[in-house]
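Participant: Sequence and computational prediction follow.
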Amino acid sequence: DGGITQSPKYLFRKEGQNVTLSCEQNLNHDAMYWYRQDPGQGLRLIYYSQIVNDFQKGDIAEGYSVSREKKESFPLTVTSAQKNPTAFYLCAGSQGLTGELFFGEGSRLTVL
Amino acid sequence: AQTVTQSQPEMSVQEAETVTLSCTYDTSENNYYLFWYKQPPSRQMILVIRQEAYKQQNATENRFSVNFQKAAKSFSLKISDSQLGDTAMYFCAFMKRRVGGGADGLTFGKGTHLIIQP
């Protein structure tokens, strides 16, 4: 089936460890995005990429890193520098023409 | 920078009633898109309805319609004949339209938790 696939769905990590969240798409979308969702905060943009080998910081990029080596893949690394990493993370893709974002099912990260 | 404000953190209505969710936004842009997304308990984000700012006609999708007031920067969502499956978080979102295509991402409001009571 076509879509945005995020893995893992649930992830636990100890403080001080880096962790990478996977996002893969087979919709041929040029643009991909990472959002963070906290209770009562809505969705906040972490990073986005319009094209392979290029990406831009969003509103809350500190403590995160991304790569875009392939069109289909946009992994997010939550580094130990992120002070409050426990959150729900959503990946999305877009063709850019209509503005509509198509979302994955999300990854829940808990730092113990 | 754009901001999106949803002033109703939570709303509750009876099944089959009509409910309106409010959204205001602040921007200096003239060309943009507005969206309503639904997030049910499964947490999957689902597009409900989309409006292009240059279109004066309000968008409709079955039981869902919007009241788009560009001058007032208001974009409310009306749900008619509400159903139990409409229970979800609803997010209003803004996107600047870029010349030549491409998108810098959506700016979201904080959401309204809508509860449909049986």
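Facilitator: Good, I have the coordinates. Since the model is a prediction, treat every value here as computed from it, not as a measurement. Numbering: from 1, shown residues only, chains lettered A, B, ... in the order given.
Participant: What's the local residue count around A:Ile51?
Facilitator: Using other Cβ atoms under 10 Å in any protein chain shown as the criterion, A:Ile51 is surrounded by 12 other residues. From N, CA and C alone the C-beta is placed, and that goes for glycine too.
Participant: Report the separation between it and A:Phe74.
Facilitator: Plainly put, A:Ile51 is 11 Å away from A:Phe74 if you go by Cβ to Cβ, to the nearest Å.
Participant: quick one: common contacting residues for these two?
Facilitator: Contact with both A:Ile51 and A:Phe74 is made by residues A:Arg68, according to Cβ atoms under 8 Å, 6 or more residues apart in numbering or on different chains.
Participant: Next one, pLDDT for the most centrally placed residue in chain B please.
Facilitator: Taking Cα atoms, centre = their mean as the criterion, B:Trp36 is the residue nearest the geometric centre of chain B, at 2.8 Å. For B:Trp36, the model assigns a pLDDT of 98.
Participant: can you count the residues close to A:Glu105?
Facilitator: Applying the criterion other Cβ under 10 Å, we find 16 residues in the vicinity of A:Glu105.
Participant: if I pick it, what's in contact with it?
Facilitator: Counting by Cβ under 8 Å, 6+ apart, A:Glu105 makes contact with A:Gln6, A:Lys9, B:Ser42, B:Arg43, B:Gln44.
Participant: how about 6 Å then?
Facilitator: Contacts here follow Cβ atoms under 6 Å, 6 or more residues apart in numbering or on different chains; on that basis A:Glu105 touches A:Gln6, B:Gln44.
Participant: and it, what pLDDT?
Facilitator: You'll see A:Glu105 listed with a pLDDT of 95.
Participant: got the phi/psi numbers for it?
Facilitator: The phi and psi torsions at A:Glu105 (degrees, to the nearest 10) take the values phi -90, psi -10.
Participant: and what of A:Tyr89?
Facilitator: Backbone geometry at A:Tyr89, expressed as degrees, to the nearest 10, gives phi -110, psi 130.
Participant: Chain B versus that one, what's the distance?
Facilitator: 11 Å (Cβ to the nearest Cβ, to the nearest Å).
Participant: Measure how buried the nearest residue to that residue once chain neighbours are set aside is and give me the count.
Facilitator: If the residues on either side of it in the chain are set aside, A:Tyr89 comes closest to A:Ser107, at 4.8 Å by Cβ to Cβ, 6 or more residues apart in numbering or on different chains. Burial measure for A:Ser107: 22 neighbouring residues, criterion other Cβ under 10 Å.
Participant: contacting residues for A:Ser107?
Facilitator: Residues touching A:Ser107, when contacts are defined by Cβ under 6 Å, 6+ apart, comprise A:Gln6, A:Leu21, A:Tyr89.
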